[in-house]
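> Turn this into a model:
(4 chains, ligands or ions: 4)
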Amino acid sequence: DTPRSRGNVLTYGIDQQPDCLDPQVSPLDVTALVDRNLFDSLVEMAPDGHFRPWLAERWSVSADGRTYTFRVRDGVTFHDGTPFTAHAVKATLDHAVDPRTKSQYAASLISSYRSSRVVDASTVVVRLSRPDSAFLQALSTAYLGIQSPTSLRENTGNLCTEPVGSGPFRLTGWARNRSLEMERNPDYRWAPPGARHSGPAHLDGLVVQFITEGTARFGALATGQVDAIGNVPPAKIGALKASGQLRHLRAESPGVPNTVFLNTRSGPLADERVRKALLRSVDLDQLVDTLYFGRYSRAWGALTPTTPYYSASVEGRAPYDPDEAARLLDAAGWTGRDSRGIRVKDGRPLALRWPYIQEVHGKMSALAQGMQAQAKQVGIDLRWTSVDAGAFIQKTDSGRGLEMFSASFVRAEPDILRYWFGSRMTIANGGGNVFHLDDPVLDRALADGAAASDPQARAAAYARAQQRLVDRALALPTYVPVSLVGTSDRVHGLRFEPNAYPLFYDVRLGDPR
Amino acid sequence: MTDRLPVPIGSRGEGPAMTAAKSETAVQDAATGARERTGAVSPDRRAPSRGGTRPAARRAVPRLPGAGTVIASLVLAVVAVAAVWPELLALRAPDQVDPVHALQGPDGAHPFGTDQLGRDVFSRVVHGARLTITLGLGSVVVAVVAGTLLGLLAVAGGRVLDEVVMRVTDVLMAFPGLLLALLVVAVLGPGTTNAMIAIGAASAPGFARLVRGQALVVRESGYVQAAVVLGLPRFSVFLRHVVPNSLPPVLVFATVHTGSAIIAGSSLSFLGLGPQAPAPEWGAMLSEGRDYVDLSWGLGVFPGLAVTATVVAINVVGTRLRRRFEGRTTHGEH
Amino acid sequence: MTTASPVRWLARRLLLAVLVVFGSATAAFLAMELTPGDPVRTLLGTTPQTAEATERIRHDLGFDRPLLVRYGLFLGRLVTGDLGTSYQLQEPVRSLVTGQLWSTVTLALAAFTLALAGALVLAVLTAGGRRLPRRIAGFFDLLTISAPAFWIGVLLLTVFSFRLRLFPAAGGTGLSGLVLPAVTLALSMVGTLSQVLREAMERSLEEPFALSAKARGTGLLGLRLRHALRHGLIPLVTLSGWTLGALLSGAVVIETVFSRPGLGRVLATAITSRDLPVVTGVVVVSAAAFALITVAVDALYRIIDPRLREVGT
Amino acid sequence: MANTDATARRRLLTVEDLRVAFPTRHGTTDAVRGVSLTVDAGECLAVVGESGSGKSVTARALLGLAGPGARVRAGRMSLHDPDLDLTEVRGRGWRDVRGRRIGLVLQDALTSLDPLRTVGAEVAEALRNHRVVPRSRLAERSLSLLEEARVPEPGLRARQYPHQLSGGLRQRALIATALAAAPPLLIADEPTTALDVTVQARILDLLAARKEAGTGVLLISHDLSVVARLADRIAVMRHGEIVEEGPAARLLHAPSHPYTRRLLEAAARHTGHTSASGGRDLAAAADEAGAGAAERPVLEVSGVGKSFTGPDGRARPAVRDVSFTLHAGETLGIVGESGSGKTTSAQLALGLLAPDTGSVRLLGQPWSQRPERERRPLRRRIQLVQQDPLGSFDPRYTVERIIGEALPPSGGAPGRGSARERRARLVELLTLVGLEEEMLDRRPRQMSGGQRQRVAVARALAPGPDVIVCDEPVSALDVSVQAQILDLFADLRRRLGVALLFISHDLGVVHHISDRVLVMRDGEVVESGAVGDVFRRPAHPYTRELLAALPRSSPPPAEALAAAGTTAGPTAHAGETAAPVARTAHAVGPATALVAPAARAGDGPADAAGSTADVAEGPASAVDRPAATP
Ligand SMILES: Nc1ncnc2c1ncn2[C@@H]1O[C@H](COP(=O)(O)OP(=O)(O)OP(=O)(O)O)[C@@H](O)[C@H]1O
Ligand SMILES: Nc1ncnc2c1ncn2[C@@H]1O[C@H](COP(=O)(O)OP(=O)(O)OP(=O)(O)O)[C@@H](O)[C@H]1O
Ligand SMILES: [Mg+2]
Ligand SMILES: [Mg+2]
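Numbers count the residues shown, from 1 in each chain, chains lettered A, B, ... in the order given. Ligands and ions are numbered 1, 2, ... in the order given. Got it, this is the predicted structure:
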């Protein structure tokens, strides 16, 4: 497998592998990464946060914000030869919300979707149940990539394994646990405006190879087994830079950073002072810097800096301050100490249960252990405990049996905050508000942000929301996830899309430059 | 290891013939040959050779402990000290982080270097002994207890129960051990105790077969027949003669098996299903440290060496015990 | 008597094998039932879902029916050879398993062959021979038995792949990608195999027939090859059977360390995501492999040891 | 018969002052201490001696196979013609000696052929090792070798595996392998020990034929009566030394060393030379003790049959329609070759197996038909002494617990108060079997074979049984110990009036102890009757065959005996000076010993050399049957 023998095909090593390639089914990052090459979206999100036409030539929004009318592009064909029309849009959106699809993510992205009506072959009207300023962003993601209606109709059993889109590449093979192969779509002429070229992709093909072990993935890159890798282990950045033939590209992910969500409803963290103490007891600057070798930055707020409407005002609000943490805890009545130095109140130790799933959160174990050790200094016992996925979901579904859990969420849209913190977005309602947080001030700000169409109004509303979260210490943001891509020096033209997934359409393999 | 964990190697009772209560000597040998050689001597071996000049008897003469045994015992002693009183050897607390000094190579202050959080690898290895050994020994205890109960039940409970128990062990053995352990962890959740149970459960069927085979041999023995002839009730014959005489070989095999149990425990930890962080279990240390091996080589080498040395030592000492025991039971004349 | 029984014997063994397969599938089914948490929610992953959607899926997958009914349906499908469709991957389990089987089988066979060859060479060259080579071989055995496979794997990978760049670092498809994982697995087995083989050979070298053979002028090598080896093969075959059986259901840790596809990892993932059809599917396949290997092992005994040909069962 | 012309023969082997020592944990064991011997072509030198006397080690040392770690030294150890100094042979050099110059038939005949290879392959191996014939002729030559070794149907046998052959056939095949490369000297180490009497004879015939053909034979045995048939000269070994050596006739008739005499006594007893006189003696004694009770039946076995299901699912009868009655105070012997159903019969009698047909009554009550729970109270009335005393004890128990377990729960006071009584009872039992009180603290492994069997007997006596079933109670024991145990049985019977069911494959032993005897074959009783009658006038051909196969040393006329006793000088090579003639002269010989088994030589009445003449005439041949495969 020397690089030469692969010809004009790029091999990309990644740690995750897709479960299902039907974009409307899978919630995984890697699905978006792969499907972006197979599917096109109605609209494209520009780096500055506004939307540009793609498969939709143009669109209009009704005054009440609940009706979107799309005029779709001509001359687009799916990989199976089906021409792209307004019917495909309706079929895809209906497919996303169809319970039989068992969508794990796409449906929730367009939870406001009510119905579509095909006016003619090139016009489709989409009705929403409420104004949704995040709707276009949702449509811009790969998760709402448009599928061939023929395939949706006739291929129902195999949508996961034989996805049919209109993207620059089409799927030719998928060996589970090993690799996934795509070849160039020679008819492709409908690249989005943000692309650097038009027409078919430069690459003849694209191979995504699944290499779960970070060291092995890096080794594969270093030995030329692959041309590029995602999720470069931070520990290997030094080696990567030291090698003359390797490059690395970096993009901070938009959305909610890696965040520890706190049980504000019961247990010790129901007390705001304890939450604030917790935030001040961990030296995230140092931990994140050490553990991620300076490649990641710590997060201050509930949105990452690259998310639209990020407010820098939250930065530096809750710095590492163990003395202040101790004062707060004393004030909250956690004054006793047990034999291990953990604070005690009313005979109960200050223990915070923090369950995690090895496969999902295992990679942040070092950070958690660092936080654990530091929190222990001020007398807080962080119980970072691995549990089975079933048990974890049982806990998060009920909001009981845990004080904290961590998650991050990639989405270039501030409305994501509502998903996690909106009082209505409890688990039962398909949201992520595990602890039934009910903060009217926050709710108002989030509602304002979602309803407003004026950018300035949105910015103000989301700034209020972000500040509120920090002021009340409703969550403990840790670090900003970064999409770290390492490439050999033969790889040119690699870019990131707004959600920080690498784009391969413009990539060219050439001589080292 | 990984996938070796399941079988207490060679303990599949009377061997591959899944049934066979009265097994042929050769089959027995096949089973016993696989490392256990617990002295399950076929009962009907006539004794054509008078006197003790059969060559096999020569092995019975216990040799003086060789250098290997001495070194192994020393290693075990050090491990035991570390397990019982880690503070005596360790330089600092195992969970004391020091991000500023993360990933340093071995030097005076940190004989084994530091890990990604700046924790002292040496101290963690020392403190890891207790967990690792607990996990190993604990799972062996689980396996022996469960296996023994199951095996004795099979022998004591009559044909139907025997058949049922044996089919159950067949099924359990058809599950590769690590996967069985994974299933058990899935049911019980990760953690030290559950890992112990998981690994124990994976090797219990092997022990059950061993105990059963042994008990069947004992049941056919002259002294059990003698007790029956004396008119002792079945149950008391079983309790007084069959049980106590079936167990010693099992216990001896358990010592040898402890080594594989430790490796199995570490494998489970390696997969993140063992003791919880920041507990310095050796397998977990290797698992967590594997991305940093090139930055701090001590992190990738010493915990592995610790597992290996401990298991080697247990094997050496266990094998010696086993040999002695064999010498005593199978060639009793000496 | 010598020839009449094999057919009956085989029939009985195959019947038992089928029993074992069904038993294993049942055990897997029950284990999945016992696992805490709502299976439907678990297989939907950590992304929250609305209650209606969850219920809908629960109904679709039949989880709203009583346990016994589900078990009955499960068995029914199993009898017809239908392993079902993965909840998680929405792909037929049969194709999923066959897709992984090749990788597992190549690794297992390669590692096993290496280990067997190593063990044969080690044991035949040293059994009953001079003290020093025996000691060295014995120590090598012990070392390989005692070093955790994942550790050996990480070390080999670091040295031969990252440093020396002799072999691909990850999931190589060709022969070169097979070398390191196979060697790692082989190393973890060779010690046990050679120990067992050597011990059995040495035991047989102490038997009167070996002395007899010596007394008629047979040399040590001839003694090992013509006499002791055959005797050593019996425990070796037993052990090989289990080892291979275990390998065929996947070497989870090795697959993880070397980022290789394989049944083991599929199963491990399926267990954590509660993908019952995949779990039972893989268990059925590996139990079947195991049971068949056991039959093969027993058949081999009969070939190796003529005494067993007449013993039956 | 005598080797008068020994000097004329070609010398094959000279050994002088051979010493073999084994290093052990407690220093070195001197297994052989200064043995000298010679063997000529066409001559048989027999080395006899008790177990552990160093016979096998001597033999193995000649081939460089004394054992790992053995230190072998010799003043001289050489083969002749061509001369080869064996002390100079090293490493691979031995391979030319083994099989080519000296053939060795190992002691463990039944296990000396590789069970995983065909008999033919084993024979061919010897041929191949020494390149006796070209490869192409290996098979053919193997067959002719088997034929020479008197293996019937050699073509079939060559393709069979050892376990498919009977013991006798195996032994012959083994001899064929040893003779393959036509070594001028053949060493046969206990070639007949593990074999049935009927087979023994044929093996000896075979060796005799080789001897006639000019092969020098070094025959090793612990049994003088076996070697008597073949040996030209006999060397008696003890504690690693040759204590006496001389022409066979002289040694057998007029042994000079006391140890030799003891061996002869044991041998005589073992083979049951004399008529039923011994048995009658004992029977008479029993009659006196048991007086009128003698006719009361204690164990009635009527028409029992038992089948075992073979591996192929077919039932195979182990015992068919066996009936017998054992009366109080009587001893009933059961003889028969291996697999004839003796043990099964015993187990049926004991109620350890349920008969398929027929029934057993114990003390007039139904026994076999009852469920075990009801049988339990009665169990103490019928006890068992097993073949392997060591195996019959729980290895963890002390003698006190072993016998204590058998004592009836103390009657009156159930509390601790009876502890002393129990102990007194234990001591009493030990005394009865001739053991000291100190034995109580021993564990099975800390006792000798004889002591163990005594403990086993004490345990059998402890519940106060009416019947004791003895299943091969002495066959695991040394010849000399055997005698002691047999005496013990006789004594106990006389004193306690217990009825014995005595099982053995050894006719001599059964003859010695029984009143009546049952001869079994293939699960059936072929003959039964008073022991004297059966032995003197065997009715069934099989019984005759059994008796005929008994090895015998020619019984010397009494006068000759006396003469030999007085005239034979000390011929022993080593160490021991010959015993004073006077002490040995007056009552030497097998006959004497037989009559008074319990006694040391000299105690018994010198009656009855009157003899086994009739025993000697049986059909001298019968074909070996392959051992039944289980
Ligand atoms: N390899 C050995 N190592 C140590 N001691 C041995 C060895 N071989 C034999 N001996 C000892 O040497 C002595 C003589 O043994 P040998 O086998 O020659 O006896 P034997 O006369 O043949 O007895 P038997 O009639 O039981 O065969 C015994 O005490 C025995 O224990
Ligand atoms: N438990 C059993 N299962 C199957 N077959 C048996 C069993 N016990 C005995 N047999 C068979 O029954 C037959 C008689 O055996 P038994 O042990 O009674 O013979 P024996 O006369 O005592 O022989 P030996 O002199 O060898 O002890 C043999 O063919 C034996 O193989
Ligand atoms: Mg001997
Ligand atoms: Mg018997």
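> could you pull out the helices for the stretch 101-250 of chain B?
For the stretch 101-250 of chain B, the helices defined by DSSP state H, counting those that start in this stretch occupy B:121-156, B:158-174, B:177-188, B:192-219, B:222-229, B:234-237, B:243-270.
> partner strands of the host helix or strand of D:Val360, parallel or antiparallel?
Element membership for D:Val360 (DSSP states H and E) is strand D:357-362. Strand D:357-362 pairs in its sheet with strand D:297-309 (antiparallel), strand D:365-366 (antiparallel), by DSSP bridges.
> near ligand 2 at all, the longest one?
Read it as strand D:297-309. Yes: using CB under 6 Å from any ligand atom, strand D:297-309 comes into contact with ligand 2 via D:Phe308. Every C-beta, even on glycine, is put in place using the N, C-alpha and C of the backbone.
> Distance from the chain centre to that strand, please.
Between the centre of strand D:297-309 and the centre of its chain there are 28 Å (CA atoms, centre = their mean, to the nearest Å).
> buried sites along that strand?
For strand D:297-309, the neighbour count (16 or more other CB atoms under 10 Å in any protein chain shown) marks D:Val298, D:Leu299, D:Glu300, D:Val301, D:Ser302, D:Val304, D:Gly305, D:Lys306, D:Ser307 as buried.
> Using PDB, write down the CA coordinates of that strand.
Provided in PDB are the C-alpha atoms of strand D:297-309 (Å, rounded to 0.1, in the frame of the first residue of the first chain):
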ATOM      1  CA  PRO D 297     -25.300 -69.900  55.400                       C
ATOM      2  CA  VAL D 298     -24.400 -66.200  55.800                       C
ATOM      3  CA  LEU D 299     -24.300 -65.200  52.200                       C
ATOM      4  CA  GLU D 300     -26.400 -66.800  49.500                       C
ATOM      5  CA  VAL D 301     -25.900 -65.700  46.000                       C
ATOM      6  CA  SER D 302     -28.400 -67.300  43.600                       C
ATOM      7  CA  GLY D 303     -28.300 -67.000  39.900                       C
ATOM      8  CA  VAL D 304     -27.100 -63.400  39.700                       C
ATOM      9  CA  GLY D 305     -26.200 -61.800  36.400                       C
ATOM     10  CA  LYS D 306     -25.000 -58.400  35.600                       C
ATOM     11  CA  SER D 307     -24.400 -56.700  32.300                       C
ATOM     12  CA  PHE D 308     -22.700 -53.400  31.500                       C
ATOM     13  CA  THR D 309     -23.600 -51.300  28.600                       C
END
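> what about dumping the CA coordinates of the helix or strand following it to CSV?
Downstream of strand D:297-309, the first helix or strand assigned by DSSP H and E is strand D:315-327. Extracted in CSV, the C-alpha atoms of strand D:315-327 (Å, rounded to 0.1, in the frame of the first residue of the first chain):
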residue,chain,number,x,y,z
ALA,D,315,-25.0,-54.8,26.8
ARG,D,316,-22.1,-57.1,27.7
PRO,D,317,-22.6,-59.6,30.4
ALA,D,318,-19.9,-59.4,33.0
VAL,D,319,-21.4,-62.1,35.2
ARG,D,320,-23.9,-64.7,34.2
ASP,D,321,-26.0,-66.9,36.5
VAL,D,322,-23.5,-67.1,39.3
SER,D,323,-24.6,-68.9,42.5
PHE,D,324,-22.8,-69.8,45.6
THR,D,325,-23.4,-70.0,49.3
LEU,D,326,-21.0,-69.0,51.9
HIS,D,327,-21.4,-70.6,55.3
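> how about CSV for the buried residues of strand D:297-309, with pLDDT added?
Shown next, in CSV, are the buried residues of strand D:297-309 (pLDDT from 0 to 100):
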residue, pLDDT
D:Val298, 87
D:Leu299, 89
D:Glu300, 89
D:Val301, 90
D:Ser302, 89
D:Val304, 90
D:Gly305, 90
D:Lys306, 88
D:Ser307, 86
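> Now the stretch 1-150 of chain C against ligand 1: closest residue?
Taking CB to the nearest ligand atom as the measure, the stretch 1-150 of chain C has C:Gly128 as its residue closest to ligand 1, at 14.4 Å.
> Could I get the pLDDT score of the closest residue to that residue other than its chain neighbours?
Distances taken as CB to CB, 6 or more residues apart in numbering or on different chains put C:Leu205 closest to C:Gly128, at 4.3 Å, once the chain neighbours are dropped. pLDDT for C:Leu205: 89.
> cool, D:Asp624 as well?
Here, the pLDDT recorded for D:Asp624 equals 34.
> ok, now C:Gly118?
On the pLDDT scale, C:Gly118 gets 95.
> on contacts alone, who are the packing partners of the one helix or strand D:Thr431 maps to?
Here D:Thr431 sits within helix D:419-432, counting by DSSP H and E. Applying 3 or more CB pairs under 8 Å, 6 or more residues apart in numbering or on different chains; DSSP states H and E, we find helix D:419-432 packed against helix D:399-406, helix D:449-461.
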